[in-house]
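# I would like to see how this sequence folds:
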Amino acid sequence: MGNCCFGSDEVGPVKAMAQAHPQVAMAKRVMSAGSSNKNNASAAVTVSPAAAAAGQMPGGPRSGGRSPATTSTSSSTSGAAGGGGRILEVANLRVFTFAELRAATRNFKADTVVGEGGFGRVYKGWVDERTMSPGPGPARNTMPVAVKKLNPESLQGLREWQTEVNFLGRLSHPNLVRLLGYCWEEKELLLVYEYMGKGSLEKHLFRSEPSSRSKSQALPWSLRLRIAMGAARGLAFLHSSEKHVIYRDFKASNILLDELFHAKLSDFGLAKDGPAGGSSHVTTRVMGTYGYAAPEYVATGHLYVKSDVYGFGVVLVEILTGLRALDTDRPAAQHSLVDWAKPFLADRKKLPRLIDPRLEGQYPSRAAQRAAQLALRCLAADHSNRPSMREVVAVLEDIDSMSSFTRRPLDGSASPRPPAARSSIDWAGPRVS
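Presented below is the predicted three-dimensional model:
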């Protein structure tokens, strides 16, 4: 979830499901005899995709947690572009009690809040690495987790909670945030994820306003490219899965970074199974975030796998420029980053004026040109003219292989020029010529 979201899905079935308190789908798993944890073996809750689709999600009030299952099955494995991910036949998640998560977050104390959105708040908590029981805080054998707590009044959040468990509970990939478990007790709905220490790409990427007292340090070119590749691999894995999962809300705030700045996609609340039976698209209510949604989806409600590719193109332009997709504080001609940036992306001579000036020319010129060309292809008006995410990954890897770094900026001068002074009106980017 994020700012500037639009659209709403049907909530009737979800409301009915919440009122009915359906039974929990459970499966006993027995740990191997040789496991050092054999004395802790217990029932682990699993959610089948069919049950999730039918609304038979974990629902009744629960007492007592469950130890995490130690085994899982994989129904398919991705190709090389997907980065070695897999799709589990059943979700393999730990069931937390509300009391456990309250203890892990110190009673949801205000100073543990690390994020907030339409869904609710996200808290930082601590659990035992082995048992996942609440931990006392940073200590040996404990690990941080992110606990997302649903706003009880949000029916849309309830649907998205269900979708998160259904999709992220079964998808395993190095570039997807790992869902560890969930809680559903009475009106309390929570999700527990691995903790991503560096927060979102949004936090690190965008330029500070002139009035801001805190000036963010610019991400270097190599790190921007690595983040783009990681996010692209995650999206390619989703698209290469059996049902072609459509992410539907690709944006900088949904790309999370761990302590080493490895990128992982998060927030699968709007994810949707792709077209089946020979269809080219699925028809659905328009949902997502202004500035990132593909034009054909906004206009018709037709959602294609390559609608995600458009969103990736928008984020790639953000990575190149350090500017947000939409910003009404910029001059009128620059409110929409994509509309304004396209002429610069297509013109080699104009491109240096588009690149984030905080990079101070420290990027390979050929690599920047290739990235600009790739962004334009992703932003093609006709979805059929956009590359697949597998192709996007291949192109980004090729760009990354341009390892001979030159300090010469794109205009061909011998050394980087100091960034030009910018007026308060011009702070967001170069003026339109």
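
# right, and Met132 touches Arg94 too?
Yes - using CB atoms under 8 Å, Met132 makes contact with Arg94 at a distance of 5.3 Å. Just so you know, the C-beta spots here come from the backbone N, C-alpha and C atoms, and that holds for glycine as well.

# could you find the closest non-adjacent residue to Trp392?
Not quite, residue 392 is Val, not Trp. Nearest residue to Val392, sequence neighbours excluded (CB to CB, 6 or more residues apart in numbering): Ala232, at 5.1 Å.

# could you give the number of residues near the one you found?
Ala232: 29 surrounding residues under other CB atoms under 10 Å.

# wait, is it part of a helix?
Yes - going by DSSP: H, G, I helix; E, B strand; the rest coil, the assignment for Ala232 places it inside a helix.

# right, and it touches Gly311 too?
No - between Ala232 and Gly311 there is no contact under CB under 8 Å: 11.4 Å.

# need the three-state assignment for Gly125.
strand.

# where does the protein dip in pLDDT?
Flagging of the chain using pLDDT under 70 yields the residue ranges 1-83, 87-90, 118, 155-156, 208-216, 243, 277-278, 403-433.

# grab the nearest non-local neighbour of Glu160.
Nearest one to Glu160, counting by CB to CB, 6+ apart, is Gly269 at 2.9 Å.

# need the three-state assignment for that neighbour.
Look at Gly269: counting by three-state DSSP, its state is coil.

# burial count for it?
Neighbourhood size, Gly269 [other CB under 10 Å]: 26.

# repeat that for Pro331.
Around Pro331 there are 14 residues (other CB under 10 Å).

# pretty sure Asp128 contacts Asn141?
Yes - in this structure Asp128 lies within contact range of Asn141 using CB under 8 Å: 6.2 Å.

# so between the two, which is more surrounded?
Per other CB under 10 Å, whichever of Asp128 and Asn141 has more neighbours is Asp128, with 15 against 9.

# beta partners for the more buried one?
Beta-bridge pairing for Asp128 (DSSP bridges): Thr142.

# from Val145, how far out is it?
Separation of Asp128 from Val145 (CB to CB, to the nearest Å): 11 Å.

# on that earlier part again, distance check, the residue nearest to Glu160 against Ser154.
Taking CB to CB as the measure, Gly269 falls 11 Å from Ser154.

# now do the shared contacts for these two.
By CB atoms under 8 Å, 6 or more residues apart in numbering, Gly269 and Ser154 have these common neighbours: Phe119.

# residues near Asn175, how many?
When neighbours are counted by other CB under 10 Å, Asn175 comes out with 23.

# wouldn't it be in contact with Gly234 here?
Yes - between Asn175 and Gly234 there is a contact under CB under 8 Å: 3.3 Å.

# all the strands of the stretch 51-200 of the chain, residue numbers only.
Remark: strands assigned in the stretch 51-200 of the chain by DSSP state E, counting those that start in this stretch are 74-77, 86-88, 94-95, 113-116, 120-128, 142-150, 171-172, 179-185, 188-194, 199-200.

# check contacts around the residue nearest to Glu160.
Taking CB under 8 Å, 6+ apart, we find Gly269 in contact with Met1, Phe119, Gly157, Arg159, Glu160, Trp161, Thr163, Glu164, Asp249.

# hang on, the second one packs against Glu160?
Yes - at 6.4 Å, Phe119 and Glu160 qualify as touching, with contact defined as CB under 8 Å.

# pop the domain breakdown of this protein in here.
Using automatic domain parsing, the domain parsing of the chain gives 5-194, 199-400.

# and the end-to-end length of the last one?
I take that to be domain 199-400. By CA to CA, to the nearest Å, the extent of domain 199-400 from end to end equals 24 Å.

# and the helix or strand hosting Val395, what other elements does it pack with?
Here Val395 sits within helix 389-400, counting by DSSP states H and E. On a contact count with 3 or more CB pairs under 8 Å, 6 or more residues apart in numbering; DSSP states H and E, helix 389-400 meets helix 221-240, helix 307-321, helix 365-378.

# closest to Pro352 out of those?
helix 365-378 (8.2 Å; CB to CB).

# for the closest one, which positions count as buried?
Buried residues in helix 365-378, counted by 16 or more other CB atoms under 10 Å: Ser365, Ala367, Ala368, Arg370, Ala371, Ala372, Gln373, Leu374, Ala375, Leu376, Cys378.

# closest to Gly137 among those?
Distance to Gly137 across the buried residues of helix 365-378 (CB to CB) is lowest for Ala371, with 42.0 Å.

# wait, that closest one sits on Glu318?
No - look at Ala371 against Glu318 with CB under 8 Å: they stay out of range, at 11.9 Å.

# could you measure from Glu397 over to Ala232?
The value you get for Glu397 to Ala232, if CB to CB is used, is 9 Å.

# and if you look at Leu190?
30 Å.

# swap in Ala372?
For Ala372, the distance to Ala232 (CB to CB) stands at 16 Å.

# go on, Phe96?
Separation of Phe96 from Ala232 (CB to CB) stands at 32 Å.

# go on, Tyr297?
20 Å.

# just Asn92 next, same as before
Distance from Asn92 to Ala232, by CB to CB: 26 Å.

# now do Ala293
From Ala293 across to Ala232, the span is 18 Å (CB to CB).

# next one: Lys264
Distance, Lys264 to Ala232, using CB to CB: 12 Å.

# test my guess that Arg353 contacts Phe344.
Yes - the pair Arg353 / Phe344 is scored as a contact, 6.2 Å apart, by CB under 8 Å.

# those two: which is more packed in?
Neighbours around Arg353 and Phe344, counted as other CB under 10 Å, are more numerous at Phe344. The numbers are 23 against 16.

# that one contacts Val338, doesn't it?
No - taking CB under 8 Å as the definition, Phe344 is not a contact partner of Val338, at 11.1 Å.

# ok, what's across the strand from Leu191?
Beta bridges link Leu191 to Lys148, Tyr182 when assigned by DSSP bridges.

# return the residues in contact with it.
Leu191 makes contacts with Val147, Lys148, Trp161, Glu164, Val165, Leu179, Gly181, Tyr182, as judged by CB under 8 Å, 6+ apart.
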